[in-house]
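Trainee: sequence below, structure please.
(chains A and B)
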Number of protein chains: 2
Amino acid sequence: MISQLIEKIQKTKAPVCVGLDPMLSYIPEHIVKRAFEEHGETLKGAAEAVWQFNKEIVDHTWDLIPAVKPQIAMYEQFGIEGLIVYKRTVDYCQEKGLVVIGDAKRGDIGSTSAAYASAHLGHVQVGGQKPAGFGCQFVTVNPYFGTDGVKPFVDICSQEDKGIFVLVKTSNPSSGEFQDRLFDGRPLYELVAEKVVEWGSLSMDGAYSNVGAVVGATYPQMSRTLRKLMPSTYFLVPGYGAQGGTAEDLKCCFNEDGLGAIVNSSRGIIAAYKQEKYAEFGPEHFAEASRQAVEDMVADINSVL
Amino acid sequence: MISQLIEKIQKTKAPVCVGLDPMLSYIPEHIVKRAFEEHGETLKGAAEAVWQFNKEIVDHTWDLIPAVKPQIAMYEQFGIEGLIVYKRTVDYCQEKGLVVIGDAKRGDIGSTSAAYASAHLGHVQVGGQKPAGFGCQFVTVNPYFGTDGVKPFVDICSQEDKGIFVLVKTSNPSSGEFQDRLFDGRPLYELVAEKVVEWGSLSMDGAYSNVGAVVGATYPQMSRTLRKLMPSTYFLVPGYGAQGGTAEDLKCCFNEDGLGAIVNSSRGIIAAYKQEKYAEFGPEHFAEASRQAVEDMVADINSVL
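Mentor: Numbers count the residues shown, from 1 in each chain, chains lettered A, B, ... in the order given. Here you go, the predicted structure:
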């Protein structure tokens, strides 16, 4: 699967993905109002607003980008109705030819992780049938349980040609509390990185592994070390833009072949029309603002590669 | 919320919770067959089988126990249909007066954790309304992101009288890969435990905090240390029974007041009829086997307290 993602990155010349993480506060009033008129101020009304918002952004950006990353929490907060729209968004993006990275950060003991892997990437045995739950191409995985908790995802990567990104160094301010603690002089995130390389060797797909890593844009020194430790691991890089990471910070996430990383931006793209820079578009043309923000982001990142 | 759970534990004299983690292979054939006849070998058929199975187990055990712990992964694997049954199970258990611990092991950067906290414990603002997504009383939380990723859950605990259990030391074989690594001679799980105490101090509810800890039954030496480190923290203890933990192993998870821990059993209860010990019940009376298994588990645990 990683080779398919790389092919799309090369075709679009855009090592970026759009984070479809809609908050109601990002959605222009005319969309929210219409959804509430139809379904009331209910979970269904909120989910409908999210769907209309997502669809318009995807319709205006799909040809520029290789992938999207919907953050499932933003849908889960609206309960079942939200998850129906999550699934609809996954399906719609796939119809548009986009690779979908389900940002779910799942992880548990082995048998439970196997259920999560089926849910988000694979298929589940139901009598003689094998339907799929959410059917993403990639999903993000939390490593706290160790190998037992990650291996079921790796197995599905190999069996069904899928991919994962395992949390190594996250982009948030308190990520260092545990991730940076030193064991014999080496931080926890490096120990996780070594395991990612080990797990990754079980599901190679060309020069890179189907087992990638989440490496935040906000800690460039650490990204540099991780890039060296994990030469065949693709990085999913959050934290660009709204969280403070710059293109220069990202440079060290890439290999010398210009590959090795895909950079996510969520708020900076989907709520672009709220920035002064894109204010001229106005709320009515929010998706055109998102398109412009994607073009600007791609140019910015390519300028340092 | 922890005081409500303790009250129920004292009333039932049962420091246990039943893990509603249904695999299709646990469900007696007559239930699966009926569900498939009605809905086909589909996600909906599978979910219907899970619901019928859960309902019968709850109907046969609710008066003996304070709480249930549905593992959301087992529902998520059946996609939207599975999650509808997860929600139905949560609601039904609450109607029966049970405390519901949603075993979701969520955790992410701050704004995303806030969405998960709303989804599983709290309410979400939709216009002038505040509907709830899944509305559990407790949810399990993964600490890998540090304080940013946990604090939004703690806030909801205080604001809406809810509770969480943060992963400290998990019950699976590879839990030591990261959790046992030593920093200056102290394992990671102890560092996490210290943070749990700190977070817990922000949401006390009587003698215990609404911020509990997941501490596996399978590592009694570690539980003993953790019990001392976290005197006001309630432990959710997985790993009893099918995963190998014995009542003697559990003893050190409790405080001298006989409180401080709630022990989960999933497979050992819900698939009891498959054990030789309860084979006489047969698949038709699987829920009576579960009732007997609960009674045996409660007696076993109380024998060491």
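
Trainee: please count neighbours and contacts with C-alpha atoms only from this point.
Mentor: Will do.

Trainee: ok, and the closest non-adjacent residue to A:Ala117?
Mentor: Sequence neighbours aside, A:Phe153 is the residue nearest to A:Ala117 in space, at 5.1 Å (criterion: Cα to Cα, 6 or more residues apart in numbering or on different chains).

Trainee: can you get me a residue count around the one you found?
Mentor: When counting by other Cα atoms under 10 Å in any protein chain shown, one arrives at 32 neighbours for A:Phe153.

Trainee: then A:Glu95?
Mentor: Applying other Cα under 10 Å, we find 10 other residues in the vicinity of A:Glu95.

Trainee: count the neighbours of A:Lys162 for me.
Mentor: Counted with other Cα under 10 Å, the burial measure for A:Lys162 works out to 24 neighbours.

Trainee: any regions of the stretch 201-305 of chain A where pLDDT drops low?
Mentor: Low-confidence segments of the stretch 201-305 of chain A, defined by pLDDT under 70, are absent; every residue clears the threshold.

Trainee: quick one: the strands in it?
Mentor: Assignment of strands within the stretch 201-305 of chain A using DSSP state E, counting those that start in this stretch yields the ranges A:204-205, A:208-209, A:211-215, A:235-237, A:261-265.

Trainee: which one of the ones you listed lies nearest to chain B?
Mentor: Of all the strands of the stretch 201-305 of chain A, strand A:211-215 sits nearest to chain B, with 12.0 Å by Cα to the nearest Cα.

Trainee: partner strands of the closest one, with direction?
Mentor: With DSSP bridges as the criterion, the sheet partners recorded for strand A:211-215 are strand A:163-169 (parallel), strand A:235-237 (parallel).

Trainee: for the following helix or strand past the longest one, packing partners?
Mentor: What it means is strand A:163-169. Heading C-terminal from strand A:163-169, the first helix or strand you meet, by DSSP states H and E, is helix A:176-179. The contact analysis (3 or more Cα pairs under 8 Å, 6 or more residues apart in numbering or on different chains; DSSP states H and E) places helix A:176-179 against helix A:188-200, helix B:188-200.

Trainee: between those helices, which one is closest to A:Gly244.
Mentor: helix A:188-200 (20.6 Å; Cα to Cα).

Trainee: for A:Gly127, which non-adjacent residue is closest in space?
Mentor: With sequence-adjacent residues excluded and distances taken as Cα to Cα, 6+ apart, A:Gly127 is closest to B:Glu41, at 5.6 Å.

Trainee: contacting residues around that neighbour?
Mentor: A:Val126, A:Gly127, A:Gly128, A:Gln129 (Cα atoms under 8 Å, 6 or more residues apart in numbering or on different chains).

Trainee: the third one - how many residues pack around it?
Mentor: Burial measure for A:Gly128: 8 neighbouring residues, criterion other Cα under 10 Å.

Trainee: same thing with the last one?
Mentor: As a burial measure, A:Gln129 scores 13 neighbours (other Cα under 10 Å).

Trainee: picking up where we left off before, checking the residue nearest to A:Gly127 next. Helix, strand or coil?
Mentor: coil (DSSP: H, G, I helix; E, B strand; the rest coil).

Trainee: just A:Gly135 next, same as before
Mentor: For A:Gly135, the assignment made with three-state DSSP gives coil.

Trainee: against chain B, how distant is it?
Mentor: Going from A:Gly135 to chain B by Cα to the nearest Cα, to the nearest Å gives 9 Å.

Trainee: with A:Val68 instead?
Mentor: The value you get for A:Val68 to chain B, if Cα to the nearest Cα is used, is 17 Å.

Trainee: show me what contacts A:Thr89?
Mentor: Counting by Cα under 8 Å, 6+ apart, A:Thr89 has contacts A:Trp51, A:Asn54, A:Lys55.

Trainee: got the residues you listed as a markdown table, with neighbour count columns?
Mentor: Conversion of those to a markdown table gives the following (neighbours: other Cα atoms under 10 Å in any protein chain shown):
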| residue | neighbour count |
| --- | --- |
| A:Trp51 | 22 |
| A:Asn54 | 25 |
| A:Lys55 | 16 |
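
Trainee: adding mean neighbour count, write the strands paired with strand A:211-215 out as JSON lines.
Mentor: Rendered in JSON lines, the data for those read as follows (neighbours: other Cα under 10 Å):
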{"stretch": "strand A:163-169", "mean neighbour count": "28"}
{"stretch": "strand A:235-237", "mean neighbour count": "27"}
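
Trainee: good, we can wrap up now.
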